[in-house]
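Peer 1: build me a model from this:
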Amino acid sequence: MHNWNDTAPIYQQLADRLAVQLLDGEPPEGDAMPSVRKLASQYLINPLTVSRALQSLVDNGLVESRRGIGMYVRGGARARLRQSEREQFLQTEWPLLREKLQRLGLSASDLTWETK
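Peer 2: As a prediction, this is how the structure comes out:
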């Protein structure tokens, strides 16, 4: 089951999920993305919504459309995405996290743990 929330359009949430998969190397650069039909079936959403999500990835330079054969992960997509995600984290998430750590009196040594 795939949960969608009301904070953003479903196509954007799907594009974000697909971007995370690209960050993880799935599918690898140069390989085909899953088809619209397959993604619609997998995520139980309308194919038009899937098409919008894939178009968002095209617009961001992560995926390219090859006429008549499908969508493919562009070379360098993972590096571009990683850089973009790092900038986003450092500009928006890290300051809030750092503030919370300070408020709670936590240091870097408090954040390390060993598995037993």
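
Peer 1: neighbours of residue 73, how many?
Peer 2: 23 (other CB atoms under 10 Å). Using the backbone N, CA and C atoms, a C-beta is placed for each residue, glycine as well.

Peer 1: show me the contacts for it.
Peer 2: 22, 27, 28, 29, 30, 31, 32, 33, 62, 63 (CB atoms under 8 Å, 6 or more residues apart in numbering).

Peer 1: inside helices: which ones of those residues?
Peer 2: residue 22 (DSSP state H).

Peer 1: quick check on the contacts of residue 73: which are buried?
Peer 2: For the contacts of residue 73, a burial check counting by 16 or more other CB atoms under 10 Å picks out 22, 27, 33, 62, 63.

Peer 1: what about the strands in the protein?
Peer 2: With DSSP state E as the definition, the chain shows strands at residue ranges 63-66, 70-73.

Peer 1: need those strands in JSON lines (columns: distance to residue 90 and mean pLDDT).
Peer 2: Putting those into JSON lines (distance: least, CB to CB, whole Å; pLDDT from 0 to 100) gives the following:
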{"stretch": "strand 63-66", "distance to residue 90": "25", "mean pLDDT": "95"}
{"stretch": "strand 70-73", "distance to residue 90": "25", "mean pLDDT": "95"}
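
Peer 1: nearest to residue 37, out of those strands?
Peer 2: strand 70-73 (10.9 Å; CB to CB).

Peer 1: pull out the buried residues from the closest one.
Peer 2: Buried residues in strand 70-73 (16+ other CB under 10 Å): 71, 72, 73.

Peer 1: now do stretch 51-67
Peer 2: By 16+ other CB under 10 Å, the buried positions in stretch 51-67 come out as 52, 53, 54, 56, 57, 62, 63.
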